[in-house]
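[1] Quick one, structure for this:
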Amino acid sequence: MPAHPSPAPSPAPHGRRRRPERAATDAPPPLVASLRIPARGPDLNDSGPHPRRRDRRGRGIRGPLLPPSAPANRTRGEKFDAHVIATIALLERSWSKQLHGTEFAVEDVPPSDPAPWEDAGVPLGRYFPADSGQPARIVVYRRPIESRAFDDDDTADLVRDVVVEQVAHMLARTPEEIDPRYQGGH
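    Sure thing, here's the model as predicted:
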């Protein structure tokens, strides 16, 4: 008995030529010979974990939640610096002549070696007198002040008190003379 004859190609409509049919086992020719597509799923030959992508659901890379100009986008350090600058600007209105040439700085934490005149507590600020060509310097320590403050308003009040105390120490005056709103007792 003869084998089933292969079906004859039917003419393509509108005069187009029809491609010859391929067997199911024939693979399409590669478009680029050097292109290698990695297989999905765990690779048993791979020894390390794959980094997780943020774009795993195809929604695109996340953008910033707030624009850089928004006040809520500032870091705690930037907010603290703004409190110190506002306090210095307030004091310079009344004491600009005496504060001329004084440097103000903000550091995260005080050095581990306290000055001999300081008590056992953690200093919130320090005054360094002018010495050998260096100008007088007042340093405010951010982390100890933030740890004692309850909120942003309390941080601003505490910064103002510390700066006023250090300026008073520098000018040999009482803090109440420097700023009548001085609260003290922190």
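
[2] Could you list every helix and strand in contact with the top helix by length along the chain?
    Secondary structure of the chain per DSSP state H: the longest helix is helix 76-99. Counting contacts by 3 or more CB pairs under 8 Å, 6 or more residues apart in numbering; DSSP states H and E, helix 76-99 is packed against strand 103-107, helix 142-148, helix 152-171, helix 175-178. Where you see a C-beta, it was placed from the backbone N, CA and C, and this is true even at glycine.

[3] which residues sit against it?
    Outside helix 76-99, the residues that touch it by CB atoms under 8 Å, 6 or more residues apart in numbering are 74, 104, 106, 108, 140, 142, 145-146, 152, 155-156, 159-160, 163-164, 167, 171, 178-179.

[4] buried residues in it?
    By 16 or more other CB atoms under 10 Å, the buried positions in helix 76-99 come out as 79-81, 83-84, 87-88, 91, 95, 99.

[5] Farthest-apart pair in these, please.
    79 and 95 (24.6 Å; CB to CB).

[6] residues near residue 141, how many?
    20 (other CB atoms under 10 Å).

[7] where in this protein is pLDDT low?
    Along the chain, segments meeting pLDDT under 70 span 1-64, 114-120, 185-186.

[8] Now with 90, please.
    Within the chain, the segments meeting pLDDT under 90 span 1-76, 110-123, 131-133, 180-186.

[9] Quick one: closest of the helices and strands packed on helix 76-99 to residue 123.
    Nearest to residue 123, of the helices and strands packed on helix 76-99 and by CB to CB, is helix 142-148 at 7.2 Å.

[10] what residues does that closest one touch?
    Contacts for helix 142-148 (CB under 8 Å, 6+ apart): 76-77, 80, 106-110, 122-124, 155, 158-159, 162, 186.

[11] if we go to 7 Å?
    Outside helix 142-148, the residues that touch it by CB atoms under 7 Å, 6 or more residues apart in numbering are 76-77, 80, 106-109, 122, 124, 155, 158-159, 162, 186.

[12] now, the most widely separated pair of these?
    Pairwise distances across those (CB to CB) peak at 20.4 Å, for the pair 77 and 186.

[13] Compute the number of surrounding residues for residue 145.
    Neighbours of residue 145 (other CB under 10 Å): 23.
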